[in-house]
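Undergrad: can't give you the sequence, but here's the structure:
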């Protein structure tokens, strides 16, 4: 009779384990949707290397009243150096 109790307890522990994993995965999925960064879908062009990137990820510089966007600080610095009066 004790052998059957051990099997029963092992089976119950197995079910509890899978229920725990199931609810943990469900909870993780709902949290990631709440925390996720909202993307606008707007792409901007880097004036130096002619690439497009999401506006949220771009570095911005304002020159002569116009906003310019860059993929890296190096491109931004290169652009500002070219626009500098000599």
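TA: Thanks, I have it. Everything quoted here is computed from the prediction, not taken from an experiment. Numbering: from 1, shown residues only.
Undergrad: any idea of the pLDDT on residue 53?
TA: At residue 53, the model reports a pLDDT of 93.
Undergrad: isn't it right up against residue 71?
TA: Yes: with contact defined as CB atoms under 8 Å, residue 53 and residue 71 form a contacting pair (5.3 Å). C-beta here means a position set from N, CA and C on the backbone, and glycine is covered the same way.
Undergrad: what ranges of the protein fall below the confidence cut-off?
TA: 29-38, 86 (pLDDT under 70).
Undergrad: picking that back up, overlap of the contact sets of residue 53 and residue 71?
TA: Residues within reach of residue 53 and of residue 71 at once, by CB atoms under 8 Å, 6 or more residues apart in numbering, are residue 46.
Undergrad: Helix or strand: which one has residue 60?
TA: strand 59-63 (DSSP states H and E).
Undergrad: partners of that strand, with directions?
TA: Strand 59-63 has the following strand partners under DSSP bridges: strand 66-70 (antiparallel).
Undergrad: And the next helix or strand after the partner strand, what does it pack against?
TA: Sequence order places helix 73-83 as the next helix or strand after strand 66-70, per DSSP H and E. Applying 3 or more CB pairs under 8 Å, 6 or more residues apart in numbering; DSSP states H and E, we find helix 73-83 packed against strand 59-63, strand 66-70.
Undergrad: Run the angle between helix 73-83 and strand 59-63 for me.
TA: 10 degrees (axes from the mean of the first three to the mean of the last three CA atoms, to 10 degrees).
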